[in-house]
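Participant: based on what follows, work out the 3D shape:
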Amino acid sequence: MEPTSTRSRLLDAAATVFLAHGFTAASMDMVRQEAGVSNGSLYHHFPTKAQLADALYAHILRDFHATLLPPIAGRATAQSAEKGVKGLIRTYIQWVLQHPQSARLLHELRRSGDISSGAGEAEAAVKAETDATNASAFAALTAWIAQRVEAGDMRAMPFHVWMALVFSPAMSLTQRWISQPQPTVAPKVRAALEHAAWMAVAA
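Facilitator: Numbering: from 1, shown residues only. Take a look at the predicted model:
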């Protein structure tokens, strides 16, 4: 459908412009020109630059979660906790290496606070979209963790602590990886991060 197509073009254009100029220096007109749409089309979909950034963040986040969760989804839920945890880290690193620009946008938009906190209807709608995307992924992770804890494979702990122990080491290195002209992570480093994540939560 045309509205969906236009929205996608605007999101793609925003990604290109934000990466090239940074959120602060980027203008809505730069995005409009990159997308090749009219002012009316641009502001119909995204009345403000903050709303455009919010929507782009949610769009990338959906792809990230869809890629991240397969190691613990479906038939994989029955696999060992160790394989699941290591698979999550392996998948995270692979996504970063395959989508360094998207990883950079997730990192920079979240870090810089460009995700808006306005109270308007449009801002609330996009925030709800982002929250729902996170909630769905977190629910899947929480359910899987509970299964593995009940099976005696992992220690019980608050979800935010589990997330910090498992993902923070790899996430802290993401900026270093994506700053490389051709992002790579040595096999020994991958193995070390996978092992550390597992040992941090193993029973």
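Participant: spatially central residue in the chain, please.
Facilitator: Nearest to the mean C-alpha position of the chain, counting by C-alpha atoms, centre = their mean, stands Leu61 at 3.7 Å.
Participant: what's the distance between that one and Val37?
Facilitator: Computed as C-beta to C-beta, to the nearest Å, the Leu61 to Val37 distance reads 24 Å. From N, CA and C alone the C-beta is placed, and that goes for glycine too.
Participant: surely Leu19 touches Arg104?
Facilitator: Yes - distance between Leu19 and Arg104: 6.7 Å, which falls inside the contact criterion (C-beta atoms under 8 Å).
Participant: neighbour count: these two, which is higher?
Facilitator: The residue with the greater number of neighbours, taking Leu19 and Arg104 and applying other C-beta atoms under 10 Å, is Arg104; the counts read 21 against 15.
Participant: ok, and the closest non-adjacent residue to the more buried one?
Facilitator: Sequence neighbours aside, Ile178 is the residue nearest to Arg104 in space, at 5.1 Å (criterion: C-beta to C-beta, 6 or more residues apart in numbering).
Participant: spit out the contact partners of that neighbour.
Facilitator: Shown here is Ile178, whose contacts under the criterion C-beta atoms under 8 Å, 6 or more residues apart in numbering are 96, 100, 103-104, 107.
Participant: which secondary structure elements does the lowest-mean-pLDDT helix or strand in the chain contact?
Facilitator: For the chain, the helix or strand with the lowest mean confidence is helix 121-150, at a mean of 80 (criterion: mean pLDDT, DSSP states H and E). Taking 3 or more C-beta pairs under 8 Å, 6 or more residues apart in numbering; DSSP states H and E as contact, the helices and strands that helix 121-150 lies on are helix 49-68, helix 81-98, helix 159-178.
Participant: show me how far that helix is from its chain's centre.
Facilitator: Taking the mean C-alpha point of helix 121-150 and that of its whole chain, the gap between them comes to 12 Å (C-alpha atoms, centre = their mean, to the nearest Å).
Participant: tally of neighbours for the closest residue to Arg148 other than its chain neighbours?
Facilitator: Nearest residue to Arg148, sequence neighbours excluded (C-beta to C-beta, 6+ apart): Ala81, at 4.0 Å. One way to gauge burial is a neighbour count; for Ala81, by other C-beta under 10 Å, it gives 21.
Participant: distance of Ala81 relative to Ala146?
Facilitator: Counting by C-beta to C-beta, the gap from Ala81 to Ala146 is 11 Å.
Participant: still on that earlier bit, looking at the contacts of Ile178, which is nearest Ala26?
Facilitator: Within those, the smallest distance to Ala26 is 14.1 Å, found for Arg104 (C-beta to C-beta).
Participant: now for the closest residue to His21 other than its chain neighbours, how many residues are close by?
Facilitator: Once its chain neighbours are removed from consideration, His21 has its nearest residue in Met30; the separation is 6.9 Å (C-beta to C-beta, 6+ apart). Around Met30 there are 18 other residues, counting by other C-beta under 10 Å.
Participant: Ala143 too?
Facilitator: The number of residues packed around Ala143, counting by other C-beta under 10 Å, is 11.
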